[in-house]
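*Asks:* Sequence first, predicted model second:
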Amino acid sequence: MRSPDTLARAYPLSVIIPAHNAMPEVVQCLQALAQNNLAETQIILVDDGSSDGSSSALEIFSTLDVPAQCIRLDPQSGPGAARNRGLESAHHPYLLFLDADVVLPEQSLDWLRDSLDL
């Protein structure tokens, strides 16, 4: 098995998270994501017309060296349109779509990359 950093370079990943009025869930999702190896990872939060400040949850990443961006859709366009808009902004060839209420365990991204390295 290759090291996690070697796998990250081999399998750069864009994580796309669509959200609508899901501030508490987005915060938990991003906090859990921050506990993973984020080397070669791009985070894209697509705020689908939220009125609860969901997009401000990306402040969690302000001190990390992780490319993170928030795309705001206005008016609300639905989860499919939010995912598609995130896909348009993805820079990496490997994609992970997460719902805002998904809390990834530590090392999930390493496990994912390891499974790609068969």
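*Replies:* Yep, it's here.
*Asks:* End to end on stretch 58-76, go ahead and measure it.
*Replies:* End-to-end distance of stretch 58-76 (CA to CA, to the nearest Å): 19 Å.
*Asks:* cool, and stretch 69-81?
*Replies:* Distance across stretch 69-81, first residue to last, is 17 Å (CA to CA).
*Asks:* List of residues touching that stretch?
*Replies:* Where contact means CB atoms under 8 Å, 6 or more residues apart in numbering, the residues beyond stretch 69-81 that reach it are 18, 20, 42-49, 55, 58, 82, 85-86, 89. (Each C-beta comes from the backbone N, C-alpha and C, glycine too.)
*Asks:* Low-confidence stretches in the chain?
*Replies:* For the chain, the stretches with pLDDT under 70 are 1, 61-64, 118.
*Asks:* of the contacts of stretch 69-81, closest to Ser108?
*Replies:* Ile43 (13.8 Å; CB to CB).
*Asks:* Touching, that closest one and Asp65? I think so.
*Replies:* No - the pair Ile43 / Asp65 is not scored as a contact, 11.8 Å apart, by CB atoms under 8 Å.
*Asks:* Of the contacts of stretch 69-81, just the buried ones, PyMOL syntax please.
*Replies:* Only the buried entries of the contacts of stretch 69-81 go into this PyMOL selection, using 16 or more other CB atoms under 10 Å:
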select buried, resi 18+20+42+43+44+45+46+47+48+55+58+82+85+86
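*Asks:* Could you tell me which of the contacts of stretch 69-81 are located in helices?
*Replies:* 82, 85-86, 89 (DSSP state H).
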